[in-house]
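# Coordinates for the following, if possible.
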Amino acid sequence: MFLKNQDVIEFTRSQIEGLRSRRIQDSNYSTFFQLYAPPKEQALAYLDNDGDRPDRYARVTVYRGAADTRDVMIYKVGPLRNGRVLPQEATVTPLLADGEIPWAQRTPLKAERPLLLYAREALFLWPLVRSITGGICLGGLADRTNITTFLNCSVTETKFNLYFVNSLTSIDATSDLRIFKVQPVLIPVAGGSKTLQPLPISYKYVEDPDLNETEWATFGFQYCGQGTVDFAEDLLFAFQEGFLQNCTMDPDFAWASLNSERPFRKLSNVPGPTAYDQVGRRYTVLSSGVTRRDTVGDGGGHKVSWMDWGFHVSSDPIYGMVLRNIKFKDVRIAYEISLQEYSSAYSSAGTRSEMFFFDSASEPGSSFAKLRLGVDCPANAMLLAVADYDSGFGGSVIEDSICIFEESTGEPLWHFEDRGIERTVLRVRSITSIGSNEYIPTFTFMPDGTFDMKIDVGGYMYGSYAFALESRNVDSPTFGQRISATTNGLLHDQLIAIKADLDVIGRNNTLVTGTVAYGTYTQATGSPKPSSVTYDAVRYMDTTRVSTESAVNVRDVDLISVQSTETNAWGAARSYDVEFHKTVSKQKYPMGHPIGRARPWANSNLAVTLHDDKEAFCSYNSGFQVARPIASFDLASFQNGESVAEKDLVLWLMVGKEHYPKSEDIPVVSNFGTGFSLKPRNMFDRAAYSDLREPDDVGTVCNDTIVTQCMRTTE
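This next block holds a predicted model:
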């Protein structure tokens, strides 16, 4: 254990899970592990010029609770050289300044959930729960705990658990104190949503790392929007003495069940269409180990080739799927395209405070769902594994976490009169399950040189308690909509950050924006109107070359293009356009708001910066990065006015949706998506699909011979 020998840590993450909160708060322990990406200069020298293989390092996050001033540190640890550990050369290098990530902004582990505090207050709140629900059997806490029963229940009663949802209300980075609002949610012992049946009971507590959790202060107790007293005993007394108005809930989970309703829809038992490869797969996948040349970037993963496309796909344990070294027709388009953050912020004026989430804190790259052929991916897809780490220092593998497949879209790639070509695409997909949310990123490669990235969002949304009397139900319709007798679905955003390190025919690129304008000939060209132009009013593209690090919103422009320094045969700059799917243009929170300040990447659809190896991520994996920015992850600090004309550019993209719930979002949201595309502009002298054969040119040999013969006859 190199880090233990160097006195960097006392415990690993797996060991800390067995300790209680105060011991955790006073210890140094490792939490997150990633592969440290090699410097881009070294990686490209290795990939393109047969340079030396870069040494590999780990990126290790350590919570330093035993430090004089508690904080979080990220270390660069290594190296590995050609897959071999070199103990005599091993180093541990801090990547942050001391205190850059305060203790209060760390992501708490599951072991830090204050279960004893929850249990203590639940004993007093239980009579209120019975009053609200009409007297249910509470089976225990929906957490890993030995506290299992507060009340004896009959065999026939349906048991319910209480799950306590925390939402941060205040943070003090200088004193390490955090204040949380707690609201219990009912879930059946047999399983169910942890978000849709919140009880109209809440309180707050102060997390103090210098005290045991049983000593943490609780206050602000409320019942059905009434009370606001400092002790649970006082709230119970006020209720028993009749000082508080009662409210009710029917703990019926049938409306939120994932079980299909009966009778089934007619013909739904008949299988739908399925996909298959007529003579074999047209793509190849080389799954790499740590000694292969194609492993630069992640130290593992899969090298894929299809219809003149080539790329490497792998996963970062924290952020999820990563594409690297993306080429079309042997020309690099992008060095890296990676997910950076999934974030949502909820509105409420009722029983929920404004909740917000940064789901990188839950490690999307370690939370892959096991994909099912015929459901999550077509039946003919290939399933791939990704590398992960366990909670100690060991490595692990997540099987069936990525699928890759070619499919027909059922439409022509091009068509004119009686001619055309079927549109087929290659897709790469994963599914990440984080708490109540699911994210489904799909990368799509098209034979005309277009790349598309779509992220579907689904799962359970969060609800607030809906009072029966509409005048008391303040969340609907302004902050959400009633989706059951006692639940409001809450308005929220779903925003996604993406890093696109584009290298369009090299590293000397320029971002160009354009707006379709209307004006005079002189306004359009800067020259006097010639006599051949009879009407002095024209539509034209007004373009701007972006000269310094800045931001662009999709609503403000009609063209976003990354230009290379090369031209095609007609003198036009060889470029790739960035086109966004339907998306919000920016977050609603201003920079002065704590959530707005925590999401500078969400203030525009695109921000361009000069490439810097140190600026690897635009969001730190913590749900508590509010108000105080973390410099090494702060996109606003990346933009310091550097020139970006004909330079190595990184685009930081934001896509997302505002979700105003409706009853059809129950039981779970049917996936809605957003994303962006990269499309060639003047990259070629004519359409890149021109070398694809039309059906009549292919002949019939590919329909009745084995794939190897088919490949030879179509060359």
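# what sits against the nearest residue to Gln226 once chain neighbours are set aside?
Among residues not flanking Gln226 along the chain, Leu244 sits closest, at 4.9 Å (CB to CB, 6 or more residues apart in numbering). All C-beta atoms are positioned from the backbone trio N, CA, C, and that covers glycine. Contact partners of Leu244, counting by CB atoms under 8 Å, 6 or more residues apart in numbering, are 223-224, 226-227, 235, 238.
# Go through those residues and flag which are in helices.
235, 238 (DSSP state H).
# just the contacts of Leu244 now: which is nearest Arg686?
Cys224 (69.3 Å; CB to CB).
# What is the neighbour count of that closest one?
The burial count assigned to Cys224 is 21, neighbours taken as other CB atoms under 10 Å.
# With Gly514 instead?
If you count neighbours by other CB under 10 Å, Gly514 ends up with 16.
# same deal with the one 3 residues further on?
A total of 13 residues lie near Ala517 under the criterion other CB under 10 Å.
# host element of it?
Taking DSSP states H and E as the criterion, Ala517 maps to strand 510-519.
# For the stretch 351-500 of the chain, give me the ranges with low pLDDT.
Filtered on pLDDT under 70, the stretch 351-500 of the chain yields the residue ranges 390-394.
# Which residue ranges of it form helices?
Per DSSP state H, counting those that start in this stretch, the stretch 351-500 of the chain carries no helices over any range.
# residue ranges of the strands in it, please?
For the stretch 351-500 of the chain, applying DSSP state E, counting those that start in this stretch gives strands covering 356-358, 382-389, 395-416, 419-430, 432-434, 437-445, 451-459, 463-465, 480-484, 487-490, 492-502.
# With distance to Phe219 as extra columns, can I get those in TSV?
As requested, the strands of the stretch 351-500 of the chain are exported to TSV (distance: least, CB to CB, whole Å):
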stretch	distance to Phe219
strand 356-358	22
strand 382-389	39
strand 395-416	42
strand 419-430	43
strand 432-434	30
strand 437-445	30
strand 451-459	32
strand 463-465	20
strand 480-484	27
strand 487-490	25
strand 492-502	27
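# of all these, which lies closest to Thr674?
Comparing the strands of the stretch 351-500 of the chain by CB to CB, strand 451-459 comes nearest, at 6.4 Å.
# Which neighbouring elements make contact with that closest one?
strand 331-346, strand 437-445, strand 492-502, strand 669-681 (3 or more CB pairs under 8 Å, 6 or more residues apart in numbering; DSSP states H and E).
# Redo the ones you listed as JSON lines? Include distance to Ser408 and mean neighbour count.
Listed next are the helices and strands packed on strand 451-459 as JSON lines, based on distance: least, CB to CB, whole Å; neighbours: other CB atoms under 10 Å:
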{"stretch": "strand 331-346", "distance to Ser408": "24", "mean neighbour count": "23"}
{"stretch": "strand 437-445", "distance to Ser408": "13", "mean neighbour count": "21"}
{"stretch": "strand 492-502", "distance to Ser408": "27", "mean neighbour count": "24"}
{"stretch": "strand 669-681", "distance to Ser408": "19", "mean neighbour count": "19"}
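# so which of these gets nearest Gly395?
Here strand 331-346 is closest among the helices and strands packed on strand 451-459 (CB to CB), at 20.6 Å.
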